[in-house]
Each structure stands twice: as C-alpha cells, then as structure tokens.
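Peer 1: turn this into a structure:
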Amino acid sequence: MKVLEDLVAPAVVADLVSRLISFLMARYVKRACREGASSSHRLELLALKIHAVVDEAEGRHLAHNRRLLLWLSKLMEGMYRAYYVLDVAAHPADDHGGCELVSSSWSSSSSRLTPPAKRIRTAGGGGDDHHLSAMLARLEEAAVGMKEFILVLACCPRIVRPPVVPNFSSDDKFMFGRLVEREQIITFLLQPESNLGVLPVVGGPEVGKGTIVKHVCSDERVRNHFSLILYSYGSLLDENWGEDVLGTLHGGGHVLHESPSVSGHGRHLLVIKNTYEVVINDAAWVQLCTSLRSSTAPGSKIIVISENDRVADLGTVAAMRVKPLPREEYWYFFRSLSLGGKDPGEHPELAALGRQIAEALHGSFFGAKVLGGLLRMNLNAQFWRAALNAVQSFHATLGEDDDHFSKLGVAKIALKTLPVPLRLKSSCQTDVASGLAGVTLQQLLNCPSVPQREEMRVVLWESAYPPNYRYTVVCEKVERRPCVGLERKRRTREQQIDQ
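Peer 2: Reported below is the predicted structural model:
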C-alpha cells in the first residue's frame, strides 16, 4: 500500500503543477493581449483556452460532481458564443442588409424560434469592436476562477479508454456536446439503489435524446455496472401487450451489452424508445416493473425516451428535459460538419452561407448531418447558395405550428440539391441488418449517371451506434423539361435560318 501511495502521490502533484503552470502562462498571454492586441484576437485566445479545458474535462469522471458540471456548462456556453460572435464579425452574411442575429441574454438558451433580443450590424464595421469587447468582457467574467476549476478538474479520475482523435465531422461515434446531460444520466445509472429506478428523458423531435442515451449505454462505466443493457420500444407496451412483458421487449429489442460471466440475476438497464403517439399501457408498465424487481438484482434501471411529456409521470426521479442546442453551439457543430474541420477564414463566403443554412435548420441534428455531409463534398459557393435556397423555400412552406424540420423535410431539401432530378415517393427507417441498401447521396452528387432505373432507393443517413438505423427514401427520376421561353427562341432562330 505504501508503494502505491509513493507512486500515485507524485503523479497527482505533477499533474496539478503542470496545469497550474499552463494556467499562469495563459494568464500572462492574456495580460499581454490587453496591452496591444485587438478585441477579436483576445477573445479568440480566451475561447481557445477554455476549449482546452473542456477537452480535458471530456476525459474525466465528472458524474458525481454536479456543481462542477454546472460550472463546465457555463464555460462551454460562453465558449460557443465567443466562436459565434467571432465568425459573425469575420464573415458577415449578406442577407437582411448585412445584419446578423445574436442573442443578447448571456444565460438564455431558448429555442431558435424565439426572436432574439437585438441585431448587430456586421457589414458596417463600426460596431464590431464594441460587440467583440462586450463579448470578451462576458467571457472573462465567466472564466473567473479558472484556476480553481482546473485544480478541481485535475482531482477527478481519468476515463480509461484507447487513445483516439475525436472528430465528429466524419465519425458519428464521437458525440458533439451534451457532456453535461450524459454525465447526469450516468450519475443516475451508477447511483446505488435498492428499488427500481426510472428516468424519463423528454424533449422535442430531432434534439438528440436517443443519441445521448445511446452514447451513455456505450460508456464503459455503464457497461461495467450492468450485466445486461437492452434497447427496446414503447410500441410493445401498448394495449396488445402479452403476459411476458419483459420477454416481449427482449424479443422485439436489441441487446446492446451482455456480460457472459454474470448470471441472469445481475443488474439490468432497460432503455425504452417511445414515439409521441404511442401510449404505454398502465397494466403493462406495472407488470414490467414487477418482473424487473423479481428477476434482476437491486439497482436495475429503466430509461424512457419520448417526445410525449406524459412519460414524466413514470419516473422515480425528475425527468431530464433535453432542449435544442443554443444557436451558437449548433453553428459550431454545423460548421465542423460542412467545412470538414477547415478554417472558416479559408472560405469566408461559405462560412457566411453556412451560418444562414444552420439558422434556418432550427437545430435539427439530422439536417446537419445530411446537409453538412453534402456541403462538405462540394465546397463551392454556387452549390451552397442553392442549398440555402432549398432550405429557405422549404422553410416557407412550414405552418405556424411546425417548429422543426422532420426527417422527411430534410430528405426533400437534400434531393433538391442533387444534379439528378428526383421526386420523393416514400421514406422509411429500417435496421441496417435488414439489408435494404441503396445508392447514397454522395454517390449521386459525385456521379449523376449512377442511377439507371426509373425508381431507386436513396440512403440519406446511417447511425453509427447500435441499434444501427438506415434512413432511406424511394425516389423516381424526373425528366427535365426544356424552358418554354428557350424552346420558343430556338424555333424562331430555326425559322429565320430556313428563310
């Protein structure tokens, strides 16, 4: 034991000292910036420093430190706002007479449908430094106590995982953001309990509820804690449920993890994905909870994912309510997907167009992944402008009650960006194992001559984490009709030649 202490203590001290030195160096750089550099340069340096701390936090066990998570959440919010303001100032959009929307409330994370408190002019240049300075002051205020934060963070144990270079722009297995939500769910799952625990996860469509839970289920801490992780569906608990409810869910679901060395009476985690329309039968729910209590070890848990707020009543704890990403954070996500990690300064026109596309997508993760992938393959301003027109045209067709882009809506927009004219006939979401493949959007974009049939199946997106889904659409080719005006002019020229 003494040998272990002798080995661990110096390592911990060295870790703390290295972080303290890094902090002091960053503080020196910031002080030098105050003496001569512009507001934009100082803001960028501070945002990068906070980003380095956030990256470090990604590799630490934070699940049991709620206050540290809240602190981290504020730092991340300020960091993404800073990146957004820097991009707005550096790459002004030419829409709305050069005005760009930036919310003035520092703590507000309301929906993108809520009108922002004020507009700032980015094309004029006169007010840029004022807004950059205001943002810098707010970020410096949020970063107060960074030294203490780094010291506390260094005391949190590291997450043991293989060394990887996370890149959410090309790898869906790395999740962007939602660190606080993930750690909060893990805290609930690892909490020792004698009774069955139920956590409802509620939120609007396309905000990433299911993706958050899938990533949590792949976390080694969770897999080491539960002998079985089962992902199933609320539709199996409707009024037609059978006597063996747990067996029905098992048969119609997906086993995400199973420990062969543990008997059937270990701790189980059951994830139930429920649609808005499906109502879970009360008797079926009671039978399910009774079965889990009697057949599994104490500490088993259930997570219910739904857009329907009524599932909150099923919880033994308060429901987690997942909100859309704030505009600034969503833009950083979309920017990384569409530009492939390239510096926006290398493509200023694309950055301005991309920001308008992201604004119109209303925070849709599905839209960001589908359209971002297409844009990344064609870094051409004309193509990006056509994509923006397609998004805005579809946006104009939405009713007052439509506050999001459905998967079907994203499919219609994506098809309009292709050089091959296609008409959407139907859509479906299937298990990748079902074998219903098809041509991808990327293939159609790179090689318009790929489709040889009048009707074809087009793959829009495949999920990377199990259960793996493939979203496909069935389309038919549309013959291009010549413009009536051009055809009339051609005939007139032919007649003049004949005369």
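Peer 1: quick one, phi/psi of K273?
Peer 2: phi -90, psi 120 (degrees, to the nearest 10).
Peer 1: who does the one helix or strand L230 maps to pair up with?
Peer 2: Taking DSSP states H and E as the criterion, L230 maps to strand 228-233. Strand 228-233 has the following strand partners under DSSP bridges: strand 254-258 (antiparallel), strand 268-273 (parallel).
Peer 1: relative to strand 268-273, how tilted is the next helix or strand after the last one?
Peer 2: From strand 268-273 onward toward the C-terminus, using DSSP H and E, the following helix or strand is helix 282-295. Following axes from the mean of the first three to the mean of the last three C-alpha atoms, to 10 degrees, one obtains 160 degrees for the angle between helix 282-295 and strand 268-273.
Peer 1: so what does helix 282-295 touch, helix or strand wise?
Peer 2: For helix 282-295, the contact count by 3 or more C-beta pairs under 8 Å, 6 or more residues apart in numbering; DSSP states H and E identifies helix 245-252, strand 301-306 as packing neighbours. C-beta coordinates here come from the backbone N, C-alpha and C atoms, glycine included.
Peer 1: sketch out the low-pLDDT regions of the stretch 351-499 of the chain for me.
Peer 2: Applying pLDDT under 70 to the stretch 351-499 of the chain flags the ranges 399-404, 433-436, 448-453, 480-499.
Peer 1: circling back: so what touches the strand holding L230?
Peer 2: 214, 217, 222-223, 249-250, 252-259, 266, 268-274, 466-467 (C-beta atoms under 8 Å, 6 or more residues apart in numbering).
Peer 1: before we move on, what about stretch 438-458?
Peer 2: Counting by C-beta under 8 Å, 6+ apart, 370, 373-374, 377-378, 414-415, 417-420, 422, 425, 436-437, 459-460, 472-477 sit against stretch 438-458.
Peer 1: just stretch 405-418 next, same as before
Peer 2: Counting by C-beta under 8 Å, 6+ apart, 205-206, 361-362, 364, 366-367, 370-371, 374, 383, 386-387, 390-391, 393-394, 398, 422, 424, 427, 429, 441, 444-445, 448, 458, 460, 471, 473, 475 sit against stretch 405-418.
Peer 1: go through those and flag which are in helices.
Peer 2: 366-367, 370-371, 374, 383, 386-387, 390-391, 393-394, 441, 444-445 (DSSP state H).
Peer 1: what distance do you get for A143 to E328?
Peer 2: Distance of A143 to E328, given as C-beta to C-beta, to the nearest Å: 17 Å.
Peer 1: rewinding a little: closest to F333 out of the strands paired with strand 228-233?
Peer 2: The closest of those to F333 is strand 268-273. By C-beta to C-beta, the value is 22.9 Å.
Peer 1: do I have it right that M175 meets H215?
Peer 2: Yes - M175 is within contact range of H215, at 4.7 Å (criterion: C-beta atoms under 8 Å).
Peer 1: overlap in contacts of those two?
Peer 2: Contacts common to M175 and H215, judged by C-beta under 8 Å, 6+ apart, are R182.
Peer 1: pretty sure L249 sits against L270.
Peer 2: Yes - between L249 and L270 there is a contact under C-beta under 8 Å: 6.9 Å.
Peer 1: how about low-confidence regions in the stretch 1-150 of the chain?
Peer 2: Ranges of the stretch 1-150 of the chain meeting pLDDT under 70: 1-37, 93-128.
Peer 1: could I get the full set of helices for it?
Peer 2: Counting by DSSP state H, counting those that start in this stretch, the segments of the stretch 1-150 of the chain that form helices are 2-36, 39-58, 66-90, 128-142, 146-154.
Peer 1: show me how far the third one is from its chain's centre.
Peer 2: Relative to the centre of its chain, helix 66-90 is centred 16 Å away, using C-alpha atoms, centre = their mean, to the nearest Å.
Peer 1: now the angle from that helix to helix 39-58?
Peer 2: Going by the same axes, to 10 degrees, helix 66-90 makes 150 degrees with helix 39-58.
Peer 1: against M377, how distant is the residue lying closest to R376 once chain neighbours are set aside?
Peer 2: Nearest residue to R376, sequence neighbours excluded (C-beta to C-beta, 6 or more residues apart in numbering): G340, at 4.6 Å. To M377, G340 is 9 Å away according to C-beta to C-beta.
Peer 1: pLDDT below threshold where in the stretch 151-300 of the chain?
Peer 2: Applying pLDDT under 70 to the stretch 151-300 of the chain flags residues 160-174, 239-240, 242, 261-264.
Peer 1: ok, back up a step: can you tell me which of the contacts of strand 228-233 are buried?
Peer 2: 214, 217, 222-223, 249-250, 253-254, 256-257, 266, 268-274, 466-467 (16 or more other C-beta atoms under 10 Å).
Peer 1: quick revisit: please identify the most buried of the helices and strands packed on helix 282-295.
Peer 2: Scoring these by mean neighbour count under mean count of other C-beta atoms under 10 Å gives strand 301-306 as the most buried, with a mean of 24.
Peer 1: list the contacts of that one.
Peer 2: So strand 301-306 is contacted by 185, 188-189, 196-202, 209-210, 213, 226, 234, 267-276, 280, 288-289, 292, 311, 314-315 (C-beta under 8 Å, 6+ apart).
Peer 1: please apply the same query to stretch 376-396.
Peer 2: Contacts of stretch 376-396 (C-beta under 8 Å, 6+ apart): 169, 337-340, 342, 347, 349-350, 353-354, 356-357, 360-361, 371, 374-375, 405, 409, 412-413, 416-417, 442, 445-446.
Peer 1: go on, stretch 65-80?
Peer 2: 47, 50-51, 53-54, 57, 62, 106-107, 109, 138-139, 142-143, 149, 152-153, 156, 177, 179-180, 183-184, 187, 326, 328-329, 331-332.
Peer 1: ok, of those residues, which come out buried?
Peer 2: Neighbour-count burial (16+ other C-beta under 10 Å) applied to the contacts of stretch 65-80 gives 47, 50-51, 53-54, 57, 62, 138-139, 142-143, 149, 153, 156, 177, 179-180, 183-184, 326, 328-329, 331-332.
Peer 1: so which bits of stretch 385-400 are buried?
Peer 2: A387, L388, A390, V391, F394, H395.
Peer 1: for the strand or helix carrying S336, name the packing helices and strands.
Peer 2: Assigned by DSSP H and E, S336 belongs to helix 327-339. In terms of contacts (3+ C-beta pairs under 8 Å, 6+ apart), helix 327-339 is packed against helix 66-90, helix 348-360, helix 365-377.
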